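Novice: could you work out the structure for the sequence below:
(2 chains)
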Amino acid sequence: MNRSVRLAAFLLMSLAACGGSADAQQQVIGAPPESSNMRLVGYNDLQARSAYQPTIHHQGDRWIAYIGHHGGTDDIPDPVNPQTGKAEPNGTSIVDVTDPRQPKYLRHIPGQEGKYESGGAQMVRICDGKALPKGDPGAVYMLRTFGSEAHEIWNVADPANPVLVTRIGGLKDTHKSWWECDTGIAFLVSGAPDWRTRRMTQVYDLSDPAHPVKIRDFGLPGQEPGSSGAVPTELHGPISTGPQGNRVYFGYGTDKGGLLQIVDRDKLINGPKEPTPENLRFPEISRLPMSAFNGAHTTFPMPKMPIAEFAHDKDGQVRDIVMIVDEAIHNECGEPRQMVWFADVTVENRPMMISSYTVPEASGAFCQRGGRFGSHSANESMAPVFYRKMAFIAFFNAGVRALDIRDPYHPTEVGYFIPSITAATDRRCVPVEGKQRCKVAIQTNNVETDERGYIYIVDRANTGLHILELTGAARAVAGLP
Amino acid sequence: MRKWLLAALAISVCTLCAAAYQHARSGNAGWREIAWPFPRDGWPAGRAFHCDAGACGGEVELYVRPKIGFCNCDSGVADDDEVDRVADLDLISERFVALDVGQPIRIGEMAGRSRNYGLQMPDGSRHAAAGFALSRRCDLMVAAAQGNGTASAVERAASDFLASGDMTRWMASALDGS
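Specialist: As a prediction, this is how the structure comes out:
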């Protein structure tokens, strides 16, 4: 063999090896899930609908999962509901997860017609009527978005037969709202038609869900009607600590120009309401601007965390922490890495980022797998089983990641689960030289936990709901038997 | 021989005229590319151009770049508020005021809106400006132009240049991920 033939053979073998390596990272139907310290308990396909917010509610002696959906896909805009035999726009799935090994699909409530983020009913929150100050004690209320045009409240006391209670409509967008069950105060992410931003906050008193009372509109100065100049980044979602904590943590941005805004809840609700720049600034305590490279999808407060490392310090042994989760929006790493940040907000007017977490890309060649890679959301349950101990992060094609956050200055991954794809898993494409190149990969979109310690993850690419539990060292971190 | 020379001269003149006409008609006349003048932000840098006063009726600068995945895939550029939000006017100055309602605009495969603005610069001076937001499926192409003429003159010069063959080809290619 002469030298040039040997060189050609070497190059061909190298090329084949590279191709083989890339192919090896592609998920294939029938392959087992990838996991560490997490185990699959149960599964439901959610009628192959693209899923967003899950909320798990202990309802009498049952456990019910309420799952919001994005709109349908180009290929299947309105999937068929096998229970009705009809094509229905994606809306809300209601699943009995009392036995997590055998989840039972109870009902699909259709959402707004429209594909991807233009339709569906993405967001769900649940409050018992007996918890709300003026609710019907026999009712269980589900607050959901109706696509981009409305918020709705349903009575889901009989989760298989929900009844519409009320509707707040006339909006140009909606997103991830927050509802305090003990007061009924709701921070609704809305697009008021006259505001300059797509998403801002409408504060409502929903203590009597049948009779919503609007308290005020809220946003960043420059977003209000009649303003001019640069328009600040739009809202993604707030989380309130209620009257006791008296703080609302607002996350602005998605994958760019993020902002954590810390707001005095009492001043927000009871302060001057006319949306002038002065009145919008009035309840604000401080802001933590993020890099232009990152946005704030979830701003999850964890006040009064004792930090073991600081236990013998004379001051600052206990810290107020906010976990900020960015949202990746581009397929195949087409943007700066979206990840998880921890901010120490103990000194509220000087909040500071203290640590970060990302999945190591090389651990799964995630930029080559297809679809989005990066964080999207975290569990938002504050039930004691995981609160201030563990956080679960939906990381798109890297599945769900379990973090030990007991020392938020040094968050550590202790487990993960990447579900298998199925025939229903939708493709994700990127433009390459004018053509679409598509791959199929899991797209773990959102995650929630229940008080029993189960972890629920849902897939944006139509793969369904996976119910998980911790094993091994991760189980020990949570103190589970 | 003289006839041949005259014929050749006539052909040359016609060719030059046609080329000049094509150049002017394509909107490229007087424009030259300059360095992107802004610090890094959430989006990768785009391309920047300068047009001389003689060609554009006043000095005009134009900044244009794609914003991939930044548009509602169904509704496109829905209203003037979206032009205010996305068109990069804030790169030039955070303080801008719309002078009138925007106009629908179509360039190549892209549709969207343009709007005229008055800018208050950090040094207190005032500039005229125009913002452009054009969508193709879920992606945006945005442009901001500023100049020392009227806003409508800045808008006209910038839109003619954006509609030129070179620019429409580049914008399509940029949205294709090339």
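
Novice: which bits of the stretch 251-400 of chain A sit near chain B?
Specialist: Within the stretch 251-400 of chain A, the positions lying close to chain B (CB under 8 Å from any CB of the partner chain) are A:255-257, A:292-293, A:329-330, A:334. Any C-beta I mention is one placed from the backbone N, CA and C, and that applies to glycine too.

Novice: which of these sit farthest apart?
Specialist: Farthest apart among those by CB to CB are A:257 and A:334. That separation is 17.1 Å.

Novice: neighbour count winner among these two?
Specialist: Between residue A:257 and residue A:334, counting by other CB atoms under 10 Å in any protein chain shown, residue A:257 is the more crowded of the two (21 against 16).

Novice: about what we covered before: looking at the residues of the stretch 251-400 of chain A next to chain B, which has the most residues close by?
Specialist: residue A:255 (26 neighbours).

Novice: hmm, residue A:328 and it touching each other?
Specialist: Yes - judged on CB atoms under 8 Å, residue A:255 makes contact with residue A:328 at a distance of 6.3 Å.

Novice: so what sits against both of these two?
Specialist: Common contacts of residue A:255 and residue A:328, defined by CB atoms under 8 Å, 6 or more residues apart in numbering or on different chains, comprise A:335, A:338, A:374.

Novice: element containing residue A:368, please.
Specialist: Using DSSP states H and E, residue A:368 sits within helix A:366-369.

Novice: what's the burial count for the nearest residue to residue A:293 once chain neighbours are set aside?
Specialist: Excluding the flanking residues, the one nearest residue A:293 by CB to CB, 6 or more residues apart in numbering or on different chains is residue A:336, at 3.8 Å. A count of nearby residues for residue A:336, using other CB under 10 Å, gives 18.

Novice: which SS state does residue A:336 fall under?
Specialist: At residue A:336 the chain is in coil, as set by DSSP: H, G, I helix; E, B strand; the rest coil.

Novice: what strands line up against the helix or strand that contains residue A:375, and which way round?
Specialist: According to DSSP H and E, residue A:375 maps onto strand A:373-378. Strand A:373-378 sits in its sheet next to strand A:390-396 (antiparallel), going by DSSP bridges.

Novice: ok, and what's touching the partner strand?
Specialist: The contact list for strand A:390-396, computed with CB under 8 Å, 6+ apart, reads A:300, A:323, A:325, A:328, A:340, A:357, A:359, A:371-379, A:386, A:400-405, A:411, A:414, A:442-447, A:449, A:455, A:457, A:460, A:474, A:477-478.

Novice: in strands, which of these fall?
Specialist: Counting by DSSP state E, those place A:300, A:323, A:325, A:340, A:357, A:373-378, A:400-404, A:414, A:444-447, A:449, A:455, A:457 in strands.

Novice: so which helix or strand takes in residue A:349?
Specialist: Counting by DSSP H and E, residue A:349 is part of no helix or strand.

Novice: show me the contacts for the closest residue to chain B within the stretch 1-150 of chain A.
Specialist: Here the stretch 1-150 of chain A gets closest to chain B at one residue, residue A:118, 4.4 Å apart by CB to the nearest CB. Contacts for residue A:118 (CB under 8 Å, 6+ apart) come out as A:71, A:147-148, B:72-75.

Novice: how about residue A:114?
Specialist: A:71-72, A:89, A:120, A:147-148, B:74.

Novice: would you map the strands across the stretch 151-300 of chain A?
Specialist: A:163-168, A:178-179, A:185-190, A:200-205, A:213-218, A:235-240, A:247-252, A:259-264, A:284-289, A:298-306 (DSSP state E, counting those that start in this stretch).

Novice: and the fourth one, C-alpha only, in CSV?
Specialist: Output of strand A:200-205 as CSV, limited to C-alpha atoms (Å, rounded to 0.1, in the frame of the first residue of the first chain):
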residue,chain,number,x,y,z
MET,A,200,-46.6,41.9,32.1
THR,A,201,-48.4,41.3,35.4
GLN,A,202,-52.0,41.7,36.2
VAL,A,203,-52.7,41.4,40.0
TYR,A,204,-56.1,40.0,40.7
ASP,A,205,-58.0,39.0,43.9
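
Novice: that one: which residues count as buried?
Specialist: With burial defined by 16 or more other CB atoms under 10 Å in any protein chain shown, the residues of strand A:200-205 counted as buried are A:200-205.

Novice: confidence score at residue A:118?
Specialist: Confidence at residue A:118, expressed as pLDDT, is 85.

Novice: then residue B:29?
Specialist: 85.

Novice: count the neighbours of the closest residue to it other than its chain neighbours for me.
Specialist: Computed as CB to CB, 6+ apart, the closest residue to residue B:29 that is not its neighbour in sequence is residue B:55, at 5.1 Å. Look at residue B:55: counted by other CB under 10 Å, it has 16 neighbours.

Novice: mind listing what residue B:55 touches?
Specialist: Here residue B:55 is in contact with B:29-31, B:157 (CB under 8 Å, 6+ apart).

Novice: between those residues, which is closest to chain A?
Specialist: Looking across the contacts of residue B:55 and measuring by CB to the nearest CB, the closest to chain A is residue B:157, at 23.8 Å.
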